[in-house]
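S.K.: Need the 3D shape of this:
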Amino acid sequence: MPTMRNDQLHGTEEPLANSRVFSATSAEELHAMLQANNGASVVRVDGNGRNLAVIGNHCFLPHGELWFSRSSEQVIVNYPNDDVLRVRFWHSGTGATCRGRNTLQVAQGQAIASTAAAEVDFEAGFGQVCWRATKDRIEQKATALTGRPLGAALNIETALDLTKPAGGTLLSILSCMLQLANNADGRPLPIALGELEQAFIVGLLSAVAHDSQGRLDGPARGVAPWQVRRAEAYIEANWNRSITIEDLVDVTGTSARSLFRTFKENRGCTPLEFARGVRLEHARRMLENPDMDATVTLTATACGFGDPGHFAKEFLRAFGERPSVILARKRGMVAA
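M.R.: Numbering: from 1, shown residues only. Sure thing, here's the model as predicted:
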C-alpha cells in the first residue's frame, strides 16, 4: 500500500457525508449531542455560539468507529477518561489543541493518539477524522499478536508524525477505510473494511509507545507446518467473511506474529494476502460461470472487495486480464 501525502485527507469531499448523526447550531444542542454520543461536554463556545454550526458524521466499523466532525466556531470540549482510544487526524482548518497529561496538537502532518481524558480546543473551521475503539478491543489485538496479555492497561498519549513511514501508512489505511465506508452508503460494509481496520490497529500498535511494544518489535518464533496448513484451511473455508487475527490465533494455537512470519516464509505471502488470493480465485470462477444478473461490481462485492476499481486492478495483476473481459467473453459464448 503506497504511503500517502500528509495532506491526503484535505480537500476530499466531506467524509461519511451520508452518515450524519448530528447537526448543532447552539451550545446546548452540541452539549446534548456530545453527551449522547460519547459522554463529552462543552466547556466553551466562542462568540456565545451565535454563528455556531457543528456537524458530526459517524460509521460503526467491525472493531471500532469512524467519526468526522467540523465546527464553524471555536469550541472547547472535555472528553472523559472512558476507556477509549481516540486517534484524531486533521482534515481542514487550522487545527486543535489537546490538553491531557500533555499538550499536543492535531495539525496537518500530525495526528494524536490518546487514551487519556483531555480538554480539546477546536479552532474555528477545524475539521477532523477520528477513529476510536475501546481499550479492551485494542488490548485483545495486542494479545493475539504477541501471544501474551498486556502487563498493564493500555496507556497512550502521543503525537504521530504522518510524514514518517509509520504515520504515512496509517494515513493511507485510514484514507482507504473512509473510501470504503463512503461507498457503502447504507449497504452492509465490505469484508475488506474489517481487515483494513485490523491493519490500522496493528500499524498503530507498532507506531506508538506502550507496554507490549518490545514484544511487537522483537523477533517472532516460527510455528509448525501443520499450523500453517490449518490457517490455510480456515481461510479457504471462510473466504466470504472477514478473517480476524483472533480467528487465526484460535485455530492455530499460536501468536499472530509467529504465524504470519512462518506463513510468509513458507507461502511467500501473509495469511491475509492468501485470503485475498482465495477471494480473487472465487471471483474468477463466478465470472467464468455468470448468472443473468452478474456484473463486475456485484462479483467484487460478493467476494469482499468494496472498491470495484481496486478489485479490477488486483484481478488483472493476478490473472493477466480484466474481469470485464472475462465476463464479456463468457456472455458472448452463451449468446452464441
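
S.K.: Can you name the element that comes right after the worst-scoring helix or strand of the chain on mean pLDDT?
M.R.: With mean pLDDT, DSSP states H and E as the measure, the helix or strand of the chain carrying the lowest mean pLDDT is helix 213-217 (a mean of 62). Later in the chain than helix 213-217, the nearest helix or strand by DSSP states H and E is helix 225-237.

S.K.: list the buried ones in that following helix?
M.R.: 227-228, 230-232, 234-235 (16 or more other C-beta atoms under 10 Å). Placement of C-beta: from N, CA and C, glycine included.

S.K.: what about stretch 288-305, average pLDDT?
M.R.: Across stretch 288-305, the average pLDDT comes to 91.

S.K.: what's the span of that stretch from first residue to last?
M.R.: Terminal residues of stretch 288-305 lie 18 Å apart, using C-alpha to C-alpha, to the nearest Å.

S.K.: Flag every buried residue along that stretch.
M.R.: 290, 294, 296, 299-301, 303-305.

S.K.: show me where the stretch 151-300 of the chain has helices.
M.R.: 165-184, 191-207, 213-217, 225-237, 245-252, 256-267, 271-288, 296-302 (DSSP state H, counting those that start in this stretch).

S.K.: closest one to Ala113 among those?
M.R.: helix 191-207 (6.6 Å; C-beta to C-beta).

S.K.: elements contacting the closest one?
M.R.: helix 135-146, helix 165-184, helix 213-217, helix 271-288 (3 or more C-beta pairs under 8 Å, 6 or more residues apart in numbering; DSSP states H and E).

S.K.: what's the angle between the last one and helix 256-267?
M.R.: This points to helix 271-288. Here the directions of helix 271-288 and helix 256-267 differ by 60 degrees (axes from the mean of the first three to the mean of the last three C-alpha atoms, to 10 degrees).

S.K.: rewinding a little: of all the buried residues of stretch 288-305, which two lie farthest apart?
M.R.: Maximum distance among these (C-beta to C-beta): 18.2 Å, for Pro290 and Gly304.

S.K.: The most centrally placed residue in the chain: what's it in contact with?
M.R.: Centroid-nearest residue in the chain: Glu197, 3.1 Å away (criterion: C-alpha atoms, centre = their mean). Listed by C-beta atoms under 8 Å, 6 or more residues apart in numbering, the contact partners of Glu197 are 61-64, 177.

S.K.: of those residues, closest to Val75?
M.R.: Gly64 (23.5 Å).

S.K.: Next up, the contacts around the closest one.
M.R.: Counting by C-beta under 8 Å, 6+ apart, Gly64 has contacts 131-134, 137, 197, 201.

S.K.: got the helices of the stretch 151-300 of the chain as a markdown table, with distance to Gly127 columns?
M.R.: Converted to a markdown table, the helices of the stretch 151-300 of the chain look like this (distance: least, C-beta to C-beta, whole Å):
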| stretch | distance to Gly127 |
| --- | --- |
| helix 165-184 | 13 |
| helix 191-207 | 20 |
| helix 213-217 | 31 |
| helix 225-237 | 39 |
| helix 245-252 | 32 |
| helix 256-267 | 35 |
| helix 271-288 | 32 |
| helix 296-302 | 30 |
